[in-house]
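Asker: fold the following and give me the result.
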Amino acid sequence: ENSHNCRVTKDVAVGALHEDNAGVSIPKFDYDEIMNSDDESNSVLLNVLGSIMEHGAVLIQNAPAVSYPIDEESPNEDPNEAIVANVARRICNSRLSHGSLYGDVFHVKSMNSAHNIAYTSEALQPHQDLTYYESKPFLQLLHCVQNAPLNEDDDNTGRGESVLIDAMAAAEELRRLAPGVFETLCSVEATFCKQREGADMVSAKPHIVVSPYDKSIIEINWSPPFEGPLFLPPTMDIKEQERLMDDYVVAYQAMKCLLDSHAPAGTILPPTLERELKDYAQRYTWEYALKEGEIVVFNNQRMLHGRRSFSVLNESKKQRHLIGCYTDAMDTLNHHRILVRQQKENRTIASKRTLDGEVRSRRNSEGRNPGNGTRVILLR
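Answerer: The predicted structure follows:
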């Protein structure tokens, strides 16, 4: 085993666009280079995967234009849907995953009688998708087909700007700032559920999971819209239940302040701690209005995503529309490890090439905990 620092910390987190000293800027790649590269070493693909493993997210630019109308009801994949789906397949070298509820490819846009807040124009607080699964999707890809026009008559409504924050890095910061709060989130099981017609999923798990080996963070579970009641051990006496509930409420508010830069004021936290947590959220939240032809790819088991609200202008035919899909953790990690192994096999000790791409891929291939509940292990 190769011993190295596998912890995800704020120094590798994708930071706020307006803060020069907050984290790192999101790595960017060209769609054509990813899809049409004939490089036998797969250096472009390795750099894409390496950047996701290191920083949690990448932005792919210059995807082909979409032609309307899009046939969303067809049992076969529409050519416009295939743009993002084929990028996902290229990255994970396997099938799309987690399609039982929303389909292998799904459309995110405002609609009447929506059964999910994602399909409205309301703001979405930072969250992970499908936390009620025992194993959440690994990568999520969102292809911006159209973005919402700016409503000049409403200063309080944005254009549906996409939001990302690195929850694993944030949890490490919480451990530093408030160890007791951190321990509460590691020890109390939250309830995540999806219950509607055709769906009845429930999963209990702590918000933060650490490795018993080295106490590094190996899993985050955070999805406020899909959290159910807290189930306390029935053998616990009433006073102990009350104490645990009090501790959990404080810990939950702390985590929310840390992860949501738009969290409302007025918590029961100590004022100094609340200020530090909210300052972190402001500094390390990536907020960006996706442009048409851009695909944001992020590790759903590590990163939280959300969006700002937007206006649905009846007189405008141009409305916010994203097309998305998921990949499986083990398929994607397997592909990354194989590419890393192939690169090592193709590189002799005497060959010390210094191309920027190769240097970056070597650095990224060292790996960070991916967030899927296991500590990263590198075998020689």
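Asker: let me see the ranges of the strands in the stretch 201-350 of the chain.
Answerer: 208-210, 217-220, 286-288, 295-299, 303-307, 321-326 (DSSP state E, counting those that start in this stretch).
Asker: nearest to A57, out of those?
Answerer: strand 295-299 (3.8 Å; CB to CB). In this view, the C-beta of every residue, glycine as well, is placed from N, C-alpha and C.
Asker: so P126 sits in a strand?
Answerer: Yes - counting by DSSP: H, G, I helix; E, B strand; the rest coil, P126 is part of a strand.
Asker: show me the contacts for it.
Answerer: The contact partners of P126, by CB atoms under 8 Å, 6 or more residues apart in numbering, come to V163, L164, I165, A167, W222, L259, D260, T285, L304, H305, G306.
Asker: got those residues as a markdown table, with neighbour count and distance to M245 columns?
Answerer: Listed next are the contacts of P126 as a markdown table, based on neighbours: other CB atoms under 10 Å; distance: CB to CB, whole Å:
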| residue | neighbour count | distance to M245 |
| --- | --- | --- |
| V163 | 21 | 30 |
| L164 | 24 | 31 |
| I165 | 28 | 27 |
| A167 | 31 | 23 |
| W222 | 25 | 19 |
| L259 | 27 | 21 |
| D260 | 22 | 22 |
| T285 | 26 | 29 |
| L304 | 25 | 24 |
| H305 | 20 | 29 |
| G306 | 21 | 27 |
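Asker: reformat the residues you listed as TSV; add pLDDT and distance to M236.
Answerer: Converted to TSV, the contacts of P126 look like this (pLDDT from 0 to 100; distance: CB to CB, whole Å):
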residue	pLDDT	distance to M236
V163	96	37
L164	97	37
I165	98	33
A167	98	28
W222	98	24
L259	98	28
D260	97	30
T285	96	37
L304	98	30
H305	97	35
G306	96	34
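Asker: so which of these belong to helices?
Answerer: Counting by DSSP state H, the contacts of P126 place A167, L259 in helices.
Asker: sorry, back to before: got the strands of the stretch 201-350 of the chain as JSON lines, with distance to L174 columns?
Answerer: Shown next, in JSON lines, are the strands of the stretch 201-350 of the chain (distance: least, CB to CB, whole Å):
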{"stretch": "strand 208-210", "distance to L174": "8"}
{"stretch": "strand 217-220", "distance to L174": "10"}
{"stretch": "strand 286-288", "distance to L174": "19"}
{"stretch": "strand 295-299", "distance to L174": "19"}
{"stretch": "strand 303-307", "distance to L174": "14"}
{"stretch": "strand 321-326", "distance to L174": "27"}
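Asker: circling back to that earlier point, out of the contacts of P126, flag the one nearest to L322.
Answerer: L322 lies nearest to H305 out of those, by CB to CB, at 10.9 Å.
Asker: identify the bridge partners of that closest one.
Answerer: Using DSSP bridges, the bridge partners assigned to H305 are H127, L164.
Asker: returning to that earlier point: just the closest of the contacts of P126 to Y326, please.
Answerer: Comparing the contacts of P126 against Y326 with CB to CB places H305 closest, at 12.3 Å.
Asker: so who does E294 touch?
Answerer: L59, I60, Q61, A63, H143, C144.
Asker: and the gap between it and D279?
Answerer: In this view, E294 and D279 are 29 Å apart by CB to CB, to the nearest Å.
Asker: one more: A251?
Answerer: From A251 over to D279 the distance is 19 Å, taken as CB to CB.
Asker: same deal with I117?
Answerer: Using CB to CB, I117 is found at 27 Å from D279.
Asker: what does S311 give?
Answerer: As judged by CB to CB, S311 and D279 stand 30 Å apart.
Asker: show me which of those two is the more surrounded one.
Answerer: It is S311, of S311 and D279, that has more neighbours when counted by other CB atoms under 10 Å, with 22 against 13.
Asker: what about the residue nearest to D247 when sequence neighbours are not counted, which SS state?
Answerer: Spatial nearest neighbour of D247, excluding adjacent residues (CB to CB, 6 or more residues apart in numbering): T184 at 4.8 Å. Secondary structure state of T184, per three-state DSSP, is helix.
Asker: do the same with L45
Answerer: Under three-state DSSP, L45 falls in the helix class.
Asker: could you give the number of residues near it?
Answerer: L45 has 22 neighbouring residues, counting by other CB under 10 Å.
Asker: could you pull out the helices in this protein for me?
Answerer: 31-36, 43-55, 82-92, 167-177, 179-187, 238-259, 271-284, 329-346, 356-364.
Asker: let me have the ones you listed in TSV, adding distance to S74 as columns.
Answerer: Formatted as TSV, these follow (distance: least, CB to CB, whole Å):
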stretch	distance to S74
helix 31-36	23
helix 43-55	29
helix 82-92	12
helix 167-177	36
helix 179-187	43
helix 238-259	38
helix 271-284	41
helix 329-346	25
helix 356-364	38
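Asker: for those, which one sits closest to L17?
Answerer: Smallest distance to L17 across those (CB to CB): 11.0 Å, for helix 271-284.
Asker: so what secondary structure elements neighbour the closest one?
Answerer: strand 162-166, helix 167-177, helix 238-259 (3 or more CB pairs under 8 Å, 6 or more residues apart in numbering; DSSP states H and E).
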